[in-house]
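[1] below are the sequence and a predicted model; questions follow.
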Amino acid sequence: MRLVYTQCNTIKPVIQEASTLGLRFFVPVLLLCGIVGCDSGSGGSTVGVPEPAALPVCGDGSCNGSEWCAACAEDCGNCADGNCEAGQREFVNTEVLVDLNEFAASFDDNLMFPFAELGPWQTRVEEGVLTTFGAAFSFTCLTPRSLFEEPGSALTTANCTLNTAGLMWENPAAQLNDPANPLYNDHWRRNYTGVTSQLLLTVDGQPGLLSFIQIEHTNYINFFSGEFYRDVLNPENPFSGECTDADEDCDPFYKTFVGAVWTPFEPSSATLPDRSASVNLGPVLWPDTGYHDPEDRVISGFGSGTARVEGDYVYLYYTGGSVDDFGVKLARVLIDRATDPGAYEVYDGQGWNPSLPEGFSKEAMADFMDVPGGDSTTLITGVTDGLTTHAMVAETVGGGFVAIEEVLGDGAWTLRLRYAENGLDFGEPFFTVATATSFTEGSLNYPLLTDSQHSTAVIDPASFFVVGSSHEASPFGISRLPVSCR
């Protein structure tokens, strides 16, 4: 908070809106006057009232208050000069879960779950902590404590439920590859439906969970059954079709979508969310070139959407785009319209545009593969020195926003942080959190930023965590790394 001392007759709080783009951040300014000796004159008086001590202002030569290196390098120094540090990595309490494969099989014999790839998204509710994690399919659990708290909370079929699952995990390939099967055209839930972020909201008077999912549609081998599932999404197009050999590289046919699932849920209840009551909204975002650009190039699409709430809106940072405009982008939706796929808008650098093509529906998505979506801009270019495959943005307690991005380069994997005062204009990376030689060697894949209570809402730069998954052998595959910046 910035306090401005003036000689006046009134005490008046003023809140200034510092953005006109729909993303709001507030600078509280309190106008103070000397109470003792004030009269009705225009000048007022400060007799007997000491002037308040100067509060932190960037550029005053002192790093104090909520100032820190990324927000005010002028006073606090550069973050790269030892002002940011990462601590020792900590795994989820081993008592939480011994074997994820056994856990998944207890719900369905067809589910194989070697490690938790996405999450955990944790929300504190009246009955404890609601945690969602997963990979191609996701689970939601209600436990007394978070995953990192002691003592560990066991995850069982009694306090967990299957949240999302792609069709290929519950249906044999022979059926899904058959055009006569009713599920053949359910492209929005075919292969992968992992939850990349989750919010507890009230939409049109109904409380529930809004889960953003990464939808994948591609030629795919079920690593549990060994069955080969063909890409059946508009196979007439040259960028889609089937692999002639189940072992060949099918990446040219790989397509991703950011989708959403709405699940009614009462946060004061001890009852788990009911998957049967969930509504899969299908894709809510669409590339501005479609999935096949004018130069006959394949567009993989959008993925890794991470969300936050501010004011009346849900803001969603996601990765993807065209061949020439790939990186981190921004979408939004009014909370009261969050269950309407057509209400999602993307930011184009000046304002907001509907993301989905006019007339789009999930049932007819195969007809829209070549149709452009709304114009969007890239906030963080994702192809400069590697490919940004995932990003998350968190607000800081002193104002401003921190983004963590996961970058894959030639023989390199990197997690790094960026800062933007307004959540839009991110600067160059100010701190490298972790490095490795490959994605699988990386210890914190699909990273999240959380506070000490494992909330993703607001973080304190002086003490926060990077939480991510790991491909290495471990009881759960999720760990956290403490980070401190000053």
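    Everything's here; your move.
[2] just give the number of residues close to residue 311.
    When neighbours are counted by other C-beta atoms under 10 Å, residue 311 registers 11. All C-beta atoms are positioned from the backbone trio N, CA, C, and that covers glycine.
[3] residue 449 versus that one, what's the distance?
    Between residue 311 and residue 449 the distance is 20 Å, computed by C-beta to C-beta, to the nearest Å.
[4] again with residue 113
    Counting by C-beta to C-beta, the gap from residue 113 to residue 449 is 25 Å.
[5] before we move on, what about residue 126?
    Taken as C-beta to C-beta, the span from residue 126 to residue 449 is 25 Å.
[6] so which of the two has more stuff around it?
    For residue 126 against residue 449, the residue with the higher neighbour count under other C-beta under 10 Å is residue 449, and the figures read 22 against 9.
[7] before we move on, which element is that one in?
    strand 445-450 (DSSP states H and E).
[8] after that strand, which helix or strand is next?
    Past strand 445-450, the next helix or strand by DSSP H and E is strand 458-459.
[9] check which helices and strands that next one sits against.
    Using 3 or more C-beta pairs under 8 Å, 6 or more residues apart in numbering; DSSP states H and E as the contact test, the elements touching strand 458-459 are strand 387-396.
[10] show me what the strand it packs on is packed up against.
    Secondary structure elements in contact with strand 387-396, counted by 3+ C-beta pairs under 8 Å, 6+ apart, are strand 301-310, strand 313-321, strand 326-334, strand 380-381, strand 401-409, strand 445-450, strand 458-459.
[11] I'd like these written out as CSV, with mean pLDDT added.
    Formatted as CSV, the entries for the helices and strands packed on strand 387-396 read as follows, by pLDDT from 0 to 100:
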stretch, mean pLDDT
strand 301-310, 91
strand 313-321, 94
strand 326-334, 95
strand 380-381, 92
strand 401-409, 94
strand 445-450, 94
strand 458-459, 93
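[12] among these, which is nearest residue 232?
    Comparison of the helices and strands packed on strand 387-396 against residue 232 by C-beta to C-beta identifies strand 301-310 as nearest, at 16.3 Å.
[13] so where is the stretch 251-400 of the chain shaky, pLDDT-wise?
    For the stretch 251-400 of the chain, residues meeting the criterion pLDDT under 70 lie at 251-253, 296, 298.
[14] go with 90
    Under the criterion of pLDDT under 90, the regions of the stretch 251-400 of the chain flagged as low confidence span 251-255, 267-271, 289-305, 320-326, 366, 369-370, 381-387, 389, 398.
[15] contact partners for the closest residue to residue 386 other than its chain neighbours?
    Closest residue to residue 386 apart from its sequence neighbours, by C-beta to C-beta, 6 or more residues apart in numbering: residue 409 at 3.3 Å. Going by C-beta atoms under 8 Å, 6 or more residues apart in numbering, residue 409 touches 385, 386, 387.
[16] quick one: which of these is nearest residue 434?
    Ranked by distance to residue 434 (C-beta to C-beta), the contacts of residue 409 are led by residue 386 at 13.9 Å.
[17] for residue 129, see how far away the closest one is.
    Using C-beta to C-beta, we find residue 386 at a distance of 35 Å from residue 129.
[18] the more surrounded of those two?
    Under the criterion of other C-beta under 10 Å, the comparison of residue 386 against residue 129 puts residue 129 first, with 20 against 17.
[19] now the spatially most central residue of the chain: how far from residue 456?
    Nearest to the geometric centre of the chain sits residue 306, at 1.4 Å (C-alpha atoms, centre = their mean). The span separating residue 306 from residue 456 equals 8 Å under the rule C-beta to C-beta.
[20] okay, and the common contacts of those two?
    Counting by C-beta under 8 Å, 6+ apart, the common neighbours of residue 306 and residue 456 are 197, 392, 448.
[21] in what helix or strand does the first one lie?
    Assigning secondary structure by DSSP H and E places residue 197 in strand 192-203.
[22] neighbouring strands of that strand in the sheet, and parallel or not?
    strand 206-217 (antiparallel) (DSSP bridges).
[23] buried sites along the strand it pairs with?
    By 16 or more other C-beta atoms under 10 Å, the buried positions in strand 206-217 come out as 208, 209, 210, 211, 212, 213, 214, 215, 216, 217.
[24] same thing with stretch 286-301?
    Neighbour-count burial for stretch 286-301 flags 286, 287, 288, 289, 290, 291, 292, 293, 298, 299, 300, 301 (criterion: 16+ other C-beta under 10 Å).
[25] the closest residue to the last one other than its chain neighbours: neighbouring residues, count only.
    Okay, so that is residue 301. Counting by C-beta to C-beta, 6+ apart, the nearest residue to residue 301 once its immediate chain neighbours are dropped is residue 256, at 4.2 Å. Here the neighbour count serves as a burial measure; for residue 256 (other C-beta under 10 Å) it reads 23.
[26] part of a strand, is residue 256?
    Yes - residue state for residue 256 (DSSP: H, G, I helix; E, B strand; the rest coil) corresponds to a strand.
[27] so how far is residue 169 from it?
    Residue 256 is 17 Å from residue 169, where distance means C-beta to C-beta.
[28] then residue 395?
    Here the distance between residue 395 and residue 169 works out to 35 Å (C-beta to C-beta).
[29] same check on residue 346?
    Look at residue 346 and residue 169: by C-beta to C-beta, they are 30 Å apart.
[30] out of these two, which sits in the more crowded spot?
    Counted by other C-beta under 10 Å, residue 346 and residue 169 do not tie: residue 346 has more neighbours, with 25 against 21.
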